[in-house]
Every structure is written in structure tokens, then in C-alpha cells.
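Colleague: sequence first, predicted model second:
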Amino acid sequence: MNPLIHVRPDGRRVVRLTPGKRVLFLFKDHERTAAQLRGEVDLRMAAVAPADLLDDVNTDAMTPAWVCFRHRPEDIALDAYAGLVHKGGPKDGQRVFPTRALLDGNFEVIVSGARKGTGSSRETAPQAEKWSGIHLVIAHSFAPIHERNNLNLGQLMGTYAQLERLQAGEELPLEEFTGRYDPVTRAILEAGGLFPFASLHAAGQISVPAPTTARRPLTMAEKIIAAHLVSARGAGAPGEQAYVKPGDLCLARVDGGYSHEFTTAQVHYFLQQEYGPGYRLANPAKFAVFEDHLLYADGVPKMAPFAPLIQTLRDLQREFQRHTGVRDFSARDGISPGICHQVAREQFVDPGDFIQATDSHTCMGGGNNALTWGVGATEYAGLVHAGFTFVSVPESIRFELHGRLQEGVTAKDLILQILATYAVREETLDRVMEFGGPGLATLSMDERATLCNMATECSAKSGICEADDVALEWLAARRPGVDRAAIRARFVAPDPGARYDGGVHRIDLGSIEPMVAEPGDPTYGKNVAELADVPIDIAYAGSCTAGKEHDLDFYAQVLTEAVDAGRRVAPRVRMFIQFGSESVREYARARGYLDVFQRAGVTVIEPGCGACIGCGPGVSDTKEQVTVSAINRNFAGRSGPGRLYLASPLTVAASAVEGRIVRYAPGMFRRAPATASPSRKS
């Protein structure tokens, strides 16, 4: 049980602060945060303006990649918030939290602004807080996966008003913190986390009744969850339609999932701790491990000190795979089959599936008309052991697409526009983003995958696209021996009249312009045309978001035109193209793209992750360097110390040739080249 929860003599459970323990406020002004860590000041919520608190505290800042190379939570806690750095002034680039700062600070409450825990699904972030002594997390709002990870660890989450009352000496009823949740989520939190709850459930001390929601029109997410209930409502015939609504808590079967070498070690460790070294999985054939995230880390100089830890993660994943018999997508001869999200959609994510995996970009599978989202290591360990998981039915927001994108505009521009419009207003927060409408048919399956992939950047629960003939042909080509009628029978569509708590939003695709997200956060984008002159040093084209077949078409389109005009990558720019999977590489080879890339001066990298998480070629080396990248996140330090702009594949390739961030226009390289190269701006 959470140590802030106390049982009164009358049996009532209350929350109270521990005398002598401290509250840490994270401010936009990092020096105010550092002063608390040094013990120079203790603050009270009543004297703090919420507008001064730090928004968008992302999980990269809480536990950057190198901290995640440790798999034991007590070791992770040593460097909690290692990615939060001072900006400007004499301390520029220095850590706000030195090693052991949170652990030794005698804090039990941490406070921040809006959208706490954006970014990666890494459970290491709340683990770093919990194992440093934090047991109450206060924020204006929480990113959905991060909130779920806190719940699974038994971490209480509250409001500014609640903290003010606690600091005034009040005892608050536990229900004030848990009452907003469904009964099972409340039980998980009050039990101290998912594993204690699972033990109570296995012993029959807690049950999860099937939803009793009456017949109603369903969204796609609701329809998929209803079809996966472990026990459907009523005593009707097998296969009888069940119904759910947002907020319903249920047990849902999981069709499949996966972990990778960044996360598998923790899953293995937690299962051993909870169920002993001889633990077994319910359905190992449904799950997989991938070796994709750290394959190229050895080639990054700053990662050299962590080589033993990285090797430990690899070894523990192989041990897990041998022990459990899950599907094995390990590297062979140093080459990965590809990025887990890309390989999964190519090979085994099908319409109507419910997929869970230990990565926030699991939602990329929604492009296949499946319901997919990322979970933390604790939740994944629980569901692979049981074969089902606890689900609180999410709300949905629908985007009706109309028309067609202009030439030179891609789905990446569309999702950056959605981020800058809807996500910044928190309209997508913790909701499933449903994409449909006649304009969807103009987007390839790879472009749909881009939209769903970046739903997590919108702090959404997931993304899902309707299925159509485009989806049918794409899937049929990748499911040999499966009849088209069988594929079509799996399609899931929303019911007429389905309720969208986030609203239905019409988007005219023809109105979308090429977009960039400026360094620091993918949420804050602007039109390329509005961007000041930005010379670049690096152009990176790859990742799960931008290493697909259609993305390679985009790169080849621009670079072929440049090469035909006698142009190539600008002299002082390094451009990298990394394939999302082996099949994407073979696609590029068959179309002659590799020759084009070589003639254009591009460095081509074998399939896998890399620069996107700072673990491969394409990372910046200094804070002065500027990168334009087609990846999904540009948090400070994620892909090196430099400034990183997010853009579409077309913008990245055109910018590499021009040496500065530009909008691509077909035929632009047939014009006479500029008389002088752009100068470096400090």
C-alpha cells in the first residue's frame, strides 16, 4: 500500500503527508527547481502560481535513454530527471537534477504543470520517482500512458487544491484521489499497484464484472473492445454482440504484442520477482521480442560507456525469449528484421485486432484498422502472463478527412497540423483518434500509419483508421494464403450515430500546408513558409514514422529530381536514410533507389531504430548543430544535443539538397541553383 495512505481507527482510509518530508515543485525557471534540490527553500502550493509550473514534462527528461539501460528500478532512481537541463546562462546544458538529487532530497510529493509524462511509454519515468520516495504526483493533467503507469505502480495522483489542503495539515479521504476512477482501477491503486491487485484477483478476492451497457452505436475502438471481452454480458448465443461505453472497465483478450531490448529485461525481471523463476506465459505464440532499438548504439561515441549495460539488456531479452518461447525477431549477423512497429504491421497486426506492446508508438498499428496502444513494463508483464488485460474503455475523437493533399504535402504535415491545433488544446488527450471520411481513401496505408503512429505525440490513447479497398489490397499482398473475403470480414467500422466525446472534426486535406515542429516539442508547429532561414547540418530520414515504403518513394522523388539536375546533398550537410524493415530495404533496392541515394551523397543505414532515440548514426554532436528530421519527437537531447526540427519526408530531402529548411515543390531543382550557399547562423 502507498505509504501516504493511513487507516484510521474507524476503518476509514485517509491520505496525509509525512511530517518532515518535502514537496518538490518543477518550475519553468529551472533555477527555482534547483534551489529546492539544494535545500535552500521549501515551498507551499498556496504561494505558487500554477502558470509558473513546468508543462509537458516528457519521459525523456525524467529518464533519458542512457538511464533506461538499467533494468532495476532502484538503479534507475539514481538518475531521476537526468534529462532536464538548464537552458541559457552560465549553466547552459547542465543537469538540473544531479545524480541522487531526487533520491536524497527527502521528497514525497512532486508537482508540475500540464500534460505530465508526454512522449515515450517508458515506465522507467514513474519508477524513477517512486523509488526515489515520491508517492504523490500533482499535475494539471497527465499523458494517458504515463497516468496508467503511475496507477500500475500504485502512485497517487492529485490536484493543486488537494495539495494545498494537505500542506495545511488536513487528512483527505482516499476516495478524493481514487473516486474518479472505475472500481477496478480504484482497486488497483488502493492495493498498491497492478501486481498486488492481480494477486487479489487470482485469489478471488476481487472480481471484474462484465459491462452491463445497453445496446448503443459504437465507435471503432468501442467495437473492438466489446468483441474482446473475456466474458460477454448475458447468456445469449456465442458471438452475441456486447456493448461498452467510455469508462466501462472490463477484462479484454489480447490478440498479440511485443517488447524490445529496451524493455524486455524489465518484463522478465518483474515476472521473476512476482511469479518466480519458473513463470510461464498463457499464450507465448501471440507475443514477440524485437532487437531494433539499440542495434546501432555501439557506434555512437557517447554511448560507449554504456556498452556493458546495453549488452546486459540484449542478453536478458534472449534469456526471456528462450524461457518463454515467444516469437523471435532478433538481429541476425548484426542486422535487425526492422523496427517492431513496422514489422508488426507488415506481418501480424490485422483489422479488428487488439494489440499491446511496450512502446508508445504501438499505436502505429491502427493504420491497419486495429486497436493498438503502448503500455509499461508492469502492465505488459501482467498481460503476457494472463493473456488478457484490464481496460477502461476510452473516449474517441473523430477526424473526417475530405479532399486530397496538395502536391508536396504529406500525412506528416497533416498530423503536425493536428498537433498544433487539437493536441495543444488537449482535445485529443487520452482519446482514441479515429480517422475516416472520403479523403482517407487518397492516403496510402503507409501514410495512414504515419497518422496513427503520431497519435501518441498528441497524448492520445491511440489512433485508428477505417478500412477500405486500399487496406484490403495492401493486407492481401502481405498475408499470403489468406482469402480477400476473410480479410474484409475482419474490417471494423463505426456505427452510424456513434458518440465522439472529443467531437467530429472535418479536415479539408487541400488546406494543409507543409509543416515543421520547432525544437523542443512536436506539439508546437508552424508552416514551413513562416519559418525564418534555418541552415542545417543533418537531415535524418528514417524511424518507424518515416522509414516505410511510401516514405522511401518521397525521398527518391526529391533526390532523383536533384540528381537529374546535377544537384546532390549540400556540401556541409550529412543526410541519412534508414529503412524501417528488411522488406522496405528490398522494396527500395528493387526500384533502384539505392543507386539514387548513393549518387545523391546519402548515407544509407540498415533497418532499425537509431538517431530517433539518440542511439545511431544521424545524432547531432554539438548543441550548435541543426537537424531536420522525419522522426516523431524532438524533445531536447533526444537525438543529440543540437536543435532538431520535425518535418515531412519531402521537406527533409529537399532541405538536405538546399542546405536549409525549405518547402519541396515538384520541379524545384530544375531551376537554376542559388549563387551562394546559405551561411551558418549562430
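Modeller: Yes, it's here. Note that the structure is a prediction, hence the values are computed from the model and not measured. Numbering: from 1, shown residues only.
Colleague: ok, and what's touching the biggest strand by length in the chain?
Modeller: For the chain, the strand with the greatest residue count under DSSP state E is strand 395-402. If you take C-beta atoms under 8 Å, 6 or more residues apart in numbering as the criterion, strand 395-402 is touched by 219-222, 246, 418, 422, 427-428, 430-440, 442-443, 460, 494, 498, 500-509. In this view, the C-beta of every residue, glycine as well, is placed from N, C-alpha and C.
Colleague: just the ones of the residues you listed in strands?
Modeller: If you go by DSSP E, the contacts of strand 395-402 have 431, 432, 433, 434, 435, 436, 504, 505, 506, 507, 508 in strands.
Colleague: list the contacts of the third one.
Modeller: To tie it back to what came earlier, the one meant is residue 433. Contacts of residue 433 (C-beta under 8 Å, 6+ apart): 396, 397, 399, 418, 451, 452, 455, 458, 460, 462, 463, 464.
Colleague: how deep is the residue nearest to it when sequence neighbours are not counted tucked in, by neighbour count?
Modeller: Excluding its sequence neighbours, the residue lying closest to residue 433 (C-beta to C-beta, 6 or more residues apart in numbering) is residue 463, at 4.4 Å. Neighbourhood size, residue 463 [other C-beta atoms under 10 Å]: 34.
Colleague: and the gap between the residue nearest in space to the middle of the chain and residue 544?
Modeller: Closest residue to the average C-alpha location of the chain: residue 360 at 2.7 Å, with C-alpha atoms, centre = their mean. Distance of residue 360 to residue 544, given as C-beta to C-beta, to the nearest Å: 11 Å.
Colleague: joint contacts of these two?
Modeller: By C-beta under 8 Å, 6+ apart, residue 360 and residue 544 have no common neighbours.
Colleague: re the thing from before, the residue nearest to residue 433 in helix, strand or coil?
Modeller: Following DSSP: H, G, I helix; E, B strand; the rest coil, we place residue 463 in the strand state.
Colleague: correct me, but it touches residue 428?
Modeller: No: the criterion here is C-beta atoms under 8 Å, and residue 463 misses it with residue 428 at 9.2 Å.
Colleague: and for the two, which residues touch both?
Modeller: In contact with both residue 463 and residue 428: residue 455, using C-beta under 8 Å, 6+ apart.
Colleague: where do the helices sit along the stretch 201-350 of the chain?
Modeller: Assigned by DSSP state H, counting those that start in this stretch, the helices in the stretch 201-350 of the chain fall at 220-227, 264-275, 307-324, 340-347.
Colleague: now do the same contact list for residue 241.
Modeller: 215, 226.
Colleague: so where's the stretch 201-350 of the chain uncertain?
Modeller: The stretch 201-350 of the chain contains residues with pLDDT under 70 at 231-240.
Colleague: swap in 50 and give it another go.
Modeller: For the stretch 201-350 of the chain, the stretches with pLDDT under 50 are 232-238.
Colleague: could you report the neighbour count for residue 312?
Modeller: Applying other C-beta under 10 Å, I find that residue 312 has 16 neighbouring residues.
Colleague: got it, and the one 5 residues further on?
Modeller: As a burial measure, the neighbour count of residue 317 was computed by other C-beta under 10 Å and equals 25.
Colleague: check residue 205 too.
Modeller: 11.
Colleague: just residue 406 next, same as before
Modeller: Residue 406 is flanked by 15 other residues according to other C-beta under 10 Å.
Colleague: now the nearest residue to it once chain neighbours are set aside: how far from residue 452?
Modeller: Of all residues not flanking residue 406 in the chain, residue 510 sits nearest, at 6.1 Å (C-beta to C-beta, 6+ apart). The gap separating residue 510 from residue 452 is 22 Å, by C-beta to C-beta.
Colleague: over to residue 564?
Modeller: Taking C-beta to C-beta as the measure, residue 564 falls 34 Å from residue 452.
Colleague: and residue 283, by the same measure?
Modeller: Computed as C-beta to C-beta, the residue 283 to residue 452 distance reads 25 Å.
Colleague: between these two, point out the one with more neighbours.
Modeller: residue 452 (30 against 15).
Colleague: check which helix or strand covers that one.
Modeller: Secondary structure from DSSP states H and E places residue 452 in helix 445-453.
Colleague: ends of stretch 117-129, how far apart?
Modeller: Taking C-alpha to C-alpha, to the nearest Å, stretch 117-129 runs 12 Å from one end to the other.
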